[in-house]
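Visitor: Here is my input; please provide its structure:
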Amino acid sequence: MEYNHKVIEKGWQKFWAENGTFRTSESTDKPKYYVLDMFPYPSGAGLHVGHPLGYIASDIFARFKRLKGFNVLHPMGYDSFGLPAEQYAIQTGQHPAITTEVNIDRYREQLDNIGFSFDWSREVRTSDPAYYKWTQWIFMQLFHAWYNKDADKAESIDTLVNRFEQTGSKGVNAACDEDVRIFSAEEWAAFMPEQQLEELLKYRLAYLRESTVNWCAALGTVLANDEVINGVSERGGYPVEQKKMMQWSMRITAYAERLLTGLDTVDWPEPLVEMQRNWIGKSIGATVCFPLPQLETYIEVFTTRVDTIYGVSFVVLAPEHELVSALTTDEQRAAVDDYIATTSKKSELDRMSDVKAVSGVFTGAYAKHPLTGQDVQIWIADYVLAGYGTGAVMAVPSGDQRDYLFAKHFDLPIIPISDSQDISEAADPNKDGRYINSEIINGLTYEQAVPAVIDQLQALGLGKGKINYRMRDAIFGRQRYWGEPVPIYFKDGLPYLIDKEELPLLLPEVDKYLPTETGEPPLGRAHDWRYKGENMYELSTMPGWAGSSWYWFRYMDPQNPNTFASKEAVDYWKSVDLYIGGSEHATGHLLYSRFWNKFLKDWGCQGEEEPFKKLINQGMIQGRSNFVYRIMDAEGKGTNKFVSYGLKGDYQTMALHVDVNIVSNDVLDLEKFKAFRPDFADAEFILEDGKYHCGHEVEKMSKSKFNVVNPDDIIEQYGADTLRLYEMFLGPLEQSKPWNTNGIEGVYKFLKKLWRLFHDAEGNFHISNEEPTKAEYKALHKIIKKVEDDIERFSFNTSVSAFMICVNELTDLKCNKIKILQDLVIVLQPYAPHIAEELWCLMGQPKGTISYASYPAFNPEYLVESEFAYPVSVNGKTRLNLPLALDLDAKEVEDLVLANEEVQRYIDGKPIRKIIFVKGKIINIVI
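Guide: Next up is the predicted model:
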């Protein structure tokens with residue numbers, strides 16, 4: 001019987017589905033292990049061969065952990081709210097739910113074809129009302145919470161109201177807006193109910209306020225910073241501008257320190273950890289107030305170098321700063337307005353990353369230096385961001401390079417402040433010298449100067465020491481249709497939660513998926529969509545990251561109608577032990593998930609500070625593009641002729657991408673090319689050895705480059721087990737590597753060779769009950785040890801090579817012993833589950849039991865070498881190999897060698913001058 005991957009794989013996939021082979025046990029008797037992939041957005045394009053890389057790795061690990069006796073939770077679902085389905089709805093009128101369902105069906109078919117051991121009974125979809133009911137519930141808890149800095153945790157807003165009723169706002173140490181009011185208990189009681197609600201909104205973890213956002217008019221929505229690339233939307237490449245809007249936000253900054261310190265407790269890739277550290281951006285410094293007598297207020301700045309305050313020669317505001325309009329003089333109004341308009345077209349990321357361009361405008365106004373009282377010019381510049389710190393900086397050109405370039409460009413003063421500074425060609429931020437031109441700190445060191453300046457500022461009421469974070473609160477709203485409705489209604493302009501019993505708040509039907517004619521989001525089109533028929537609901541929907549910020553909990557208890565996950569389930573599964581996904585989510589999903597996880601811990605819903613213990617970022621499988629070479633005429637125009645790669649040096653050519661699926665080993669199928677490009681149906685081809693050889697290049701896998709390889713095609717030709725092994729064989733999981741279909745044949749041949757171990761020359765299944773030899777046990781236990789070590793350290797590629805070596809060794813040994821082969825298929829099962837299941841059953845084992853067999857125990861004794869085949873040389877020339885026990889001493893070896901007839905024939909009766917013996921290496925007889 002030949003190896004038939006099509007019959008074998010379809011049969012086992014059907015068996016697994018019908019018998020629920022991978023359904024997770026509800027029993028808590030076994031130790032648990034939770035293996036999770038970042039769930040995909042189901043796009044219409046389906047999967048290409050790059051997508052399953054991480055899924056295959058996690059599946060190998062999940063299957064291995066089952067063999068090691070763990071109760072494994074290995075689920076899959078879909079992050080099914082998203083812009084693509086809505087864009088398609090706008091274009092076609094088809095409801096996004098229909099598009100999403102079709103796409104999910106396609107994804108499921110492809111995932112099943114690869115043979116993953118997902119527990120599909122636990123599937124979740126973020127767009128399913130039964131799921132987003134709990135996303136809305138979590139939002140409601142966040143709205144009903146404030147962050148108590150003294151307790152360092154979130155608490156019910158009721159506890160804050162109680163404190164206001166007892167003692168007013170005095171002593172409240174909260175994460176809150178900057179403009180909170182100071183009031184007594186009596187004043188709180190005298191507030192109108194609406195005033196109390198407005199004040200509480202400044203403390204809530206989910207709150208509504210005017211924010212500067214990335215507005216994309218073409219998409220009709222606000223975008224997160226990570227969704228904006230070089231000033232345009234990541235999806236579609238549409239222009240994005242900065243504008244102020246009333247937006248829901250999440251007070252993630254309340255958790256900044258916990259998010260930072262938590263990074264020290266997880267096993268994550270260091271580059272990703274560093275990305276989060278930088279995004280959070282902790283800095284220790286001071287706030288400084290520059291008085292504005294003309295407005296009876298001040299400009300507040302945050303600085304990490306308060307010691308340089310005497311070097312301030314101007315102040316810079318973000319163009320969006322609230323004081324810009326009031327400060328700008330009539331003479332400078334036009335220039336300032338033009339600059340603000342230009343800046344609004346840039347994203348914050350662009351402004352942060354553009355360190356070379358120098359631009360800005362003088363407002364015409366001055367502030368007072370807090371320590372000297374001198375006038376200081378006030379400028380606006382795009383390198384200052386409204387959302388970071390206070391939206392203002394004190395410029396010290398002698399100590400900061402960006403300020404230095406600005407001062408040079410606009411001919412502003414540069415004041416040296418240290419006797420160790422060299423500012424002849426650049427700013428010098430060193431802290432080594434002693435201060436000059438700095439009044440009260442002249443002659444002091446850095447360590448002496450900092451507290452002295454802070455003390456003086458505090459004495460004047462113009463500053464204090466402070467810790468700052470770069471991270472801003474997260475915008476929590478999209479002006480789109482296809483997302484979770486926010487469970488809020490408005491009464492007299494204030495937001496109120498709907499009743500819990502009314503969850504889920506369902507998406508209403510609309511006539512089309514565009515904003516209304518008056519500019520409201522698409523939900524504004526819903527007919528009579530009001531809370532209890534009276535009050536208007538929130539018309540924005542939740543952002544794309546809402547549903548993915550807690551989904552790992554729902555997998556623990558997916559059908560529970562009463563809570564997002566039962567206490568028993570959460571207490572058992574706790575957190576994800578292994579999480580695999582892309583590094584592109586570092587400052588989006590992974591940060592928001594940690595935030596919601598910490599909040600749910602504070603809220604008593606679960607007990608883990610971090611959601612994902614170990615994280616692996618899989619590398620990208622890149623495309624291997626193929627090219628044909630069109631001959632150009634003397635005028636540089638394309639002809640109807642193509643030249644093979646090896647001959648193109650004789651012609652002027654233009655490279656054109658060609659579909660890799662009509663190329664085999666870089667040889668083009670000419671007839672398929674003509675069908676692929678009908679405009680070249682009559683083309684002429686200059687061939688090499690009767691073939692057209694294509695060029696190739698490694699690029700990102702993309703439809704536009706015609707280098708997308710569909711896993712369905714690979715599975716059809718070679719099988720899912722071959723695909724799984726080959727994707728692992730390509731290289732280390734974390735590294736990017738090119739796809740090359742040319743190499744897959746070797747893996748397919750390996751599986752055929754494995755199959756032949758179990759069958760005789762006529763193809764009949766044939767195994768033996770004989771006791772294996774030492775060599776056979778050695779081959780088996782080498783692979784047992786190698787694969788276990790490799791999987792535990794996620795070095796999957798080296799295991800594939802080891803399997804090939806093992807099968808070659810057993811083939812050479814003509815091994816068909818059941819004691820060897822039965823353990824071998826258990827070890828192989830995580831990598832190639834279909835063929836392993838088939839061979840397991842052929843050996844008489846019950847169907848489906850290999851997934852829960854025990855991983856074979858490694859016995860190191862089988863790897864101990866008891867003898868060695870010594871190369872025996874005579875006068876340095878190797879004559880034979882002589883197997884001898886390794887525990888023999890030199891005299892015993894010498895006696896055995898000289899007693900050997902073949903050795904004596906080479907000595908030929910000549911006197912022996914000496915014998916050189918190196919244990920386990922060589923024997924050399926010198927005559």
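Visitor: how about the helices of the stretch 101-250 of the chain, start to end?
Guide: Chain-ordered helices for the stretch 101-250 of the chain, with DSSP state H, counting those that start in this stretch as the definition, fall at 129-143, 157-167, 185-190, 193-201.
Visitor: Repeat that for the stretch 801-927 of the chain.
Guide: Under DSSP H, counting those that start in this stretch, the stretch 801-927 of the chain gives helices at 818-828, 833-842, 890-898, 901-907.
Visitor: picking up where we left off before, of all the helices of the stretch 101-250 of the chain, which one is nearest residue 594?
Guide: helix 129-143 (14.3 Å; C-beta to C-beta). Glycine gets a C-beta too; all of them are placed from N, C-alpha and C.
Visitor: what's the closest one packed up against?
Guide: Counting contacts by 3 or more C-beta pairs under 8 Å, 6 or more residues apart in numbering; DSSP states H and E, helix 129-143 packs against strand 206-216, strand 494-497, helix 589-602.
Visitor: Using JSON lines, please lay out those together with mean neighbour count, mean pLDDT and distance to residue 537.
Guide: Below are those laid out as JSON lines (neighbours: other C-beta atoms under 10 Å; pLDDT from 0 to 100; distance: least, C-beta to C-beta, whole Å):
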{"stretch": "strand 206-216", "mean neighbour count": "19", "mean pLDDT": "84", "distance to residue 537": "14"}
{"stretch": "strand 494-497", "mean neighbour count": "16", "mean pLDDT": "97", "distance to residue 537": "10"}
{"stretch": "helix 589-602", "mean neighbour count": "23", "mean pLDDT": "98", "distance to residue 537": "23"}
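Visitor: picking that back up, of the helices of the stretch 801-927 of the chain, which is nearest residue 46?
Guide: helix 833-842 (21.4 Å).
Visitor: any idea of the angle that closest one forms with helix 818-828?
Guide: Using axes from the mean of the first three to the mean of the last three C-alpha atoms, to 10 degrees, one finds that helix 833-842 and helix 818-828 are set 150 degrees apart in direction.
Visitor: and helix 833-842, how far from the chain's centre?
Guide: How far helix 833-842 lies from its chain's middle: 35 Å, per C-alpha atoms, centre = their mean, to the nearest Å.
Visitor: Next: stretch 770-780.
Guide: Counting by C-alpha atoms, centre = their mean, stretch 770-780 comes out at 44 Å from the chain centroid.
Visitor: Pull out the buried positions in it.
Guide: Across stretch 770-780, burial judged by 16 or more other C-beta atoms under 10 Å covers 772, 776-780.
Visitor: Same check on stretch 544-563?
Guide: 544-558.
Visitor: cool, and stretch 519-529?
Guide: 521-526, 529.
Visitor: tell me the helices in the stretch 451-600 of the chain, going along the chain?
Guide: Using DSSP H, counting those that start in this stretch, helices in the stretch 451-600 of the chain cover 551-556, 567-573, 589-602.
Visitor: is it possible to export those helices to TSV including distance to residue 36?
Guide: Below are the helices of the stretch 451-600 of the chain laid out as TSV (distance: least, C-beta to C-beta, whole Å):
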stretch	distance to residue 36
helix 551-556	6
helix 567-573	10
helix 589-602	11
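Visitor: To residue 491, which of those helices lies closest?
Guide: Using C-beta to C-beta, the nearest of the helices of the stretch 451-600 of the chain to residue 491 is helix 589-602, at 26.4 Å.
Visitor: The helices of the stretch 101-250 of the chain into a markdown table, with extra columns for mean neighbour count, distance to residue 65 and mean pLDDT?
Guide: Shown next, in a markdown table, are the helices of the stretch 101-250 of the chain (neighbours: other C-beta atoms under 10 Å; distance: least, C-beta to C-beta, whole Å; pLDDT from 0 to 100):
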| stretch | mean neighbour count | distance to residue 65 | mean pLDDT |
| --- | --- | --- | --- |
| helix 129-143 | 20 | 27 | 98 |
| helix 157-167 | 15 | 42 | 97 |
| helix 185-190 | 13 | 55 | 97 |
| helix 193-201 | 15 | 47 | 97 |
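Visitor: Okay then, goodbye and thanks.
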